[in-house]
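Engineer: The following block contains a protein sequence and its predicted model.
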Amino acid sequence: MRKTVLLVGTGLIGGSIALAIRREHDVFIYGYDINIEQVEKALSLQVIDEVVTDLKSPAENADLIILASPVEETKKIMKMITNYSLKEDVIITDVGSTKRDIMSLANQLWNGDVTFVGGHPMAGSHKTGVESAKAHLFENAFYVLTPQKTTPYEKIEQLKQWLKGTNSKFLVLDAEEHDYITGAVSHFPHIIAAALVKQVKKHSDRNPFISMLAAGGFRDITRIASSSPKMWKDIVKQNRDHLLRLLDDWIMEMRNVKSILESDENGKAIARYFQEAKDFRDTMPVRVKGAIPSYYDLYVDVVDHPGAIAKITTILAENEISITNINIIEAREGLLGVLQISFQTEEHRIAARTLLEQNGYQTY
Ligand SMILES: NC(=O)c1ccc[n+]([C@@H]2O[C@H](COP(=O)([O-])OP(=O)(O)OC[C@H]3O[C@@H](n4cnc5c(N)ncnc54)[C@H](O)[C@@H]3O)[C@@H](O)[C@H]2O)c1
Ligand SMILES: O=C(O)C(=O)C[C@]1(C(=O)O)C=C[C@@H](O)C=C1
């Protein structure tokens, strides 16, 4: 029989999960969002099958409920749906970037009577909204699950089956451990990215050339500062204690860097510092989802002459490599800049890179 899913929060992550579920299951998906434009867009993109404006009836009919709103909102929705007469074998899951508060609330609301398994796909984007949703967003990424102590093993397996189309790698973690880890590798870097942008803003008020000269390095390290402030406000609120400890560590680290710079006459100590960072960074799974990058982007240097972009797109089209997005980053005054091309898959990105390099383009 056709199963029913209720998706609450039809944005980037909710939309991507819904599309991934459709890959493997014949389902009817109800969509609910406080932003009516978003949920209607989700309907027109066939991410969902029906828009609902009240949660009760679709929640009571659902075999799977996915909560994909910002994490403070998710807690409010959990409190709402606890009042409904849900199906006995329903599974409720969420996609929030923090897990401790949500699991602690789940433990208060449902103690073995309803299955709630926390979830967090470790891939995403600074982009928001269902228009950026993709069925393959989580391919090869880790997908953390945080079951309750009372959750039977087979329920976790059922949820994995529901999420099979994400093609992600499931990892069961304790909620506290999850927040410690993601605090270090996701939430804290977000604060640093925002702080860097704010530092540059201060300087650019004094010297307008600063913004103009910000190039690839600045772009790479600050991309995530363009993410949704609402989503990140909620994450930081729920992981405040870990983040405060990480900030103390960071301040100590910066003091260490400062003292190296003050005393390192021949540059040996700072070279060692960079080498140690590079050695560890190079062991990390770069180009694997969950680390770097979330979209299959290729950057190509282009010079300013007529038809430069058309030439590149023609080379790709002739080799049947489709582009999902193309964007010019005007990083250099007077020149066209850098072309950012997004692809559907890593294979397309690699093939495009090889082709363009064979044609004399510099890519990275
Ligand atoms: N963006 C990422 O990289 C990423 C990755 C993994 C997990 N997450 C988590 O996924 C969740 C959603 O983030 P997103 O990136 O999809 O953001 P998004 O802004 O694209 O989507 C969130 C949607 O939730 C809706 N919403 C807000 N409050 C609501 C409420 N009370 N009821 C119903 N809908 C509501 C918004 O209108 C929006 O459409 C967040 O909890 C976030 O922590 C995000
Ligand atoms: O790629 C991005 O833009 C992200 O920030 C994605 C990212 C992260 O890698 O930190 C952000 C929050 C999520 O909970 C999971 C993934």
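Structural biologist: Now that the structure is in, tell me what you want to look at. Residues are numbered from 1 along each chain as shown. Ligands and ions are numbered 1, 2, ... in the order given.
Engineer: Low-confidence stretches in this protein?
Structural biologist: For the chain, the stretches flagged by pLDDT under 70 are 286-295, 304, 329-337.
Engineer: Can you report how many residues lie near residue 275?
Structural biologist: When neighbours are counted by other Cβ atoms under 10 Å, residue 275 registers 10. Quick note: C-beta positions are derived from backbone N, CA and C, even for glycine.
Engineer: could you measure the closest residue to ligand 1 within the stretch 51-200 of the chain against ligand 2, distance?
Structural biologist: With Cβ to the nearest ligand atom, the shortest gap between the stretch 51-200 of the chain and ligand 1 falls at residue 124, namely 1.8 Å. Per Cβ to the nearest ligand atom, to the nearest Å, residue 124 is found 4 Å from ligand 2.
Engineer: Please report how far that residue lies from residue 16.
Structural biologist: 9 Å (Cβ to Cβ, to the nearest Å).
Engineer: any residues in contact with both of those two?
Structural biologist: Residues touching both residue 124 and residue 16 (Cβ atoms under 8 Å, 6 or more residues apart in numbering): residue 137.
Engineer: can I assume residue 255 sits in a helix?
Structural biologist: Yes. Under DSSP: H, G, I helix; E, B strand; the rest coil, residue 255 sits within a helix.
Engineer: Might one say that residue 235 is in contact with residue 187?
Structural biologist: Yes. The pair residue 235 and residue 187 qualifies as a contact (Cβ atoms under 8 Å) at a distance of 5.7 Å.
Engineer: Looking only at neighbour counts, state which of these two leads.
Structural biologist: residue 235 (25 against 22).
Engineer: Report the contact partners of the more buried one.
Structural biologist: 71, 96, 97, 98, 187, 190.
Engineer: Keep only those of the residues you listed that are in helices.
Structural biologist: Counting by DSSP state H, the contacts of residue 235 place 71, 190 in helices.
Engineer: Get me the contact residues on this protein for ligand 2.
Structural biologist: By Cβ under 6 Å from any ligand atom, the part of the chain that sits against ligand 2 consists of 97, 122, 123, 124, 125, 126, 186, 224, 227, 294.
Engineer: anything in contact with each of residue 235 and residue 187?
Structural biologist: 97, 98.
Engineer: Need the three-state assignment for the residue of the stretch 51-200 of the chain closest to ligand 1.
Structural biologist: coil.
Engineer: what about it, neighbour count?
Structural biologist: For residue 124, using other Cβ under 10 Å, the count is 24.
Engineer: do you know how far it is from residue 235?
Structural biologist: 11 Å.
Engineer: Near residue 255, how many other residues are there?
Structural biologist: 10.
Engineer: how close does it get to ligand 1?
Structural biologist: From residue 255 to ligand 1 the distance is 31 Å (Cβ to the nearest ligand atom).
Engineer: That residue: what's it in contact with?
Structural biologist: Going by Cβ under 8 Å, 6+ apart, the list of residues near residue 255 is empty.
Engineer: do residue 18 as well
Structural biologist: 5, 7, 10, 29, 31, 42, 47, 48, 66, 133.
Engineer: out of these, who has the most neighbours?
Structural biologist: residue 10 (31 neighbours).
Engineer: That one should be in a helix, yeah?
Structural biologist: No. According to three-state DSSP, residue 10 belongs to no helix; its state is coil.
Engineer: Apart from its chain neighbours, what residue comes closest to it?
Structural biologist: Excluding its sequence neighbours, the residue lying closest to residue 10 (Cβ to Cβ, 6 or more residues apart in numbering) is residue 42, at 3.9 Å.
Engineer: Same question for residue 127.
Structural biologist: In space, residue 127 is closest to residue 12, 6.2 Å off (Cβ to Cβ, 6+ apart).
Engineer: was I right about the one you found contacting residue 123?
Structural biologist: No. Using Cβ under 8 Å, residue 12 is not in contact with residue 123; the gap is 10.6 Å.
Engineer: Pull up the overlap in contacts between the two.
Structural biologist: residue 137.
Engineer: Isn't residue 168 up against residue 142?
Structural biologist: Yes. Between residue 168 and residue 142 a contact is recorded at 6.6 Å, counting by Cβ under 8 Å.
Engineer: Output the contacting helices and strands for the host helix or strand of residue 314.
Structural biologist: For residue 314, the element it lies in under DSSP states H and E is helix 308-318. Packing contacts for helix 308-318, counted by 3 or more Cβ pairs under 8 Å, 6 or more residues apart in numbering; DSSP states H and E, involve strand 296-302, strand 323-329, strand 337-343, helix 346-358.
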